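Q: coordinates only, sequence not included:
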């Protein structure tokens, strides 16, 4: 799949998730086969750009593939300025967020709240596209609620105003992450526009990815929560799409260095204090298959030093072998 002049290495993408898809995780997922890993959402409000959180979200690595930066806001001029600044800082693709369902985002008429305002959507898209000389992409949901599922209308606005590709999460804003994603709307959107369409929502396995692609006719899939604790899902999907065969699950001998390497990268990226805390949630996801009684999780969450965390993981995996 192409986005503007960029050709993705695979048609499986990592979805932006606040507090999760930081540089270490994006880099790991790209190493595991993600064709594109979009950054955590960055506010278009310049007043918050100097916070440590915003600064970290703006850091990119050459090993994390094409640099796609997601911006969020509701003011067309502010979003255009944010796009310019991020391109100057190395962004190769600008992604506009119109899919976030969080109340704190929606109350500012940003994220999926914009789906209720098609005219404003058009102003924002046109303003951002005109402001930068890199591809601009858009992420949406199928609509605000079941009675206002206007994804096709928004998709046509996006296409007519220069959006290069469109990610559609198969839920409305009011669905949040409840229930099952629906793909009928994604299929209809794909049939209504000629730009690449990416299907998102509940892509948790290789066979599910193939089923969604076949049903919707989408050009690619985007994986979100399905990659938490399972970054190798990207190579599993790629392998299945190419061969029709399931790739063997990674062995403990392979998983151990992946987990420990990820934890060390988090320590290095965030520093000792915050690195220890960010490592806890990722380790909890990694351990879901092994630590069902959460005994190790309780021990690990009580550790306060980077060295203790690494030592505990090494000992845990040694005992599993």
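A: Received, thanks. Bear in mind the structure is a predicted one, so any value in this text is a computation, not a measurement. Numbering: from 1, shown residues only.

Q: strands of the stretch 151-300 of the chain, start to end?
A: With strands called from DSSP state E, counting those that start in this stretch, the stretch 151-300 of the chain shows them at 165-169, 197-200, 220-223.

Q: do you know how far residue 109 is from residue 120?
A: 8 Å (C-beta to C-beta, to the nearest Å). Every C-beta, even on glycine, is put in place using the N, C-alpha and C of the backbone.

Q: what touches both of these two?
A: Here residue 109 and residue 120 share the contacting residues residue 74, scored by C-beta atoms under 8 Å, 6 or more residues apart in numbering.

Q: thinking again about what came up before, so which of the strands of the stretch 151-300 of the chain comes closest to residue 10?
A: strand 220-223 (8.3 Å; C-beta to C-beta).

Q: ok, that closest one: who's next to it in the sheet?
A: strand 12-14 (parallel), strand 197-200 (parallel) (DSSP bridges).

Q: mind checking which of those is nearest residue 248?
A: Using C-beta to C-beta, these put strand 12-14 closest to residue 248, at 18.2 Å.

Q: after the closest one, which helix or strand is next?
A: Per DSSP states H and E, strand 12-14 leads on to helix 23-31 as the next helix or strand towards the C-terminus.

Q: tell me what that next one is packed against?
A: strand 12-14, strand 36-38, helix 252-286 (3 or more C-beta pairs under 8 Å, 6 or more residues apart in numbering; DSSP states H and E).

Q: now with 7 Å?
A: strand 36-38, helix 252-286 (3 or more C-beta pairs under 7 Å, 6 or more residues apart in numbering; DSSP states H and E).

Q: for residue 128, see how far away the residue lying closest to residue 97 once chain neighbours are set aside is.
A: Once flanking residues are discounted, residue 97 sits nearest to residue 72: 4.1 Å by C-beta to C-beta, 6 or more residues apart in numbering. Separation of residue 72 from residue 128 (C-beta to C-beta): 12 Å.

Q: count of neighbours near residue 16?
A: 27 (other C-beta atoms under 10 Å).

Q: thought it was touching residue 40?
A: Yes. Under the criterion of C-beta atoms under 7 Å, residue 16 makes contact with residue 40 at 5.7 Å.

Q: residue contacts, residue 9?
A: residue 35 (C-beta atoms under 7 Å, 6 or more residues apart in numbering).

Q: backbone dihedrals for residue 34, please?
A: Phi and psi for residue 34, reported as degrees, to the nearest 10, are phi -70, psi 130.

Q: my bad, residue 218
A: Torsion angles, degrees, to the nearest 10, at residue 218: phi -60, psi 160.

Q: quick one: pLDDT of it?
A: Looking at residue 218, its pLDDT stands at 98.

Q: one more: the one 10 residues further on?
A: Residue 228 is assigned 97 on the pLDDT scale.

Q: over to the one 5 residues further on?
A: In the predicted model, residue 233 carries a pLDDT score of 98.

Q: got it, and residue 319?
A: Model confidence at residue 319 (pLDDT) stands at 87.

Q: could you check how far it is from residue 251?
A: 16 Å.

Q: what do you get for residue 114?
A: For residue 114 relative to residue 251 (C-beta to C-beta), the value is 45 Å.

Q: can you pull out the low-pLDDT segments for this structure?
A: 47-64 (pLDDT under 70).

Q: picking up where we left off before, so which of the strands paired with strand 220-223 is the most packed in?
A: When you average the neighbours per residue for each of the strands paired with strand 220-223 (mean count of other C-beta atoms under 10 Å), strand 12-14 leads with a mean of 30.

Q: give me the contact list for that strand.
A: Contacts of strand 12-14 (C-beta under 7 Å, 6+ apart): 21, 26, 29, 33-38, 198, 209, 220-223, 227, 234, 237-238.

Q: quick one: distance of that strand to the chain centre.
A: Distance, stretch centre to chain centre, for strand 12-14: 7 Å (C-alpha atoms, centre = their mean, to the nearest Å).

Q: try stretch 159-176
A: The mean C-alpha position of stretch 159-176 is separated from the chain mean by 14 Å, C-alpha atoms, centre = their mean.

Q: give me the buried positions along that stretch.
A: 159, 161, 163-173, 175 (16 or more other C-beta atoms under 10 Å).

Q: could you work out the end-to-end span of it for me?
A: 25 Å (C-alpha to C-alpha, to the nearest Å).

Q: tell me which helix or strand residue 304 sits in.
A: Residue 304 belongs to no helix or strand when assigned by DSSP H and E.

Q: quick one, what contacts it?
A: Residues near residue 304 by C-beta under 7 Å, 6+ apart: residue 276.

Q: relative to residue 311, how far out is it?
A: From residue 304 to residue 311 the distance is 13 Å (C-beta to C-beta).

Q: and residue 96, what are its bridge partners?
A: residue 71, residue 138.

Q: shouldn't it be in contact with residue 135?
A: No. Counting by C-beta under 7 Å, residue 96 stays clear of residue 135, with 11.5 Å between them.

Q: am I right that residue 195 is in contact with residue 167?
A: No. Using C-beta under 7 Å, residue 195 makes no contact with residue 167, being 11.1 Å away.
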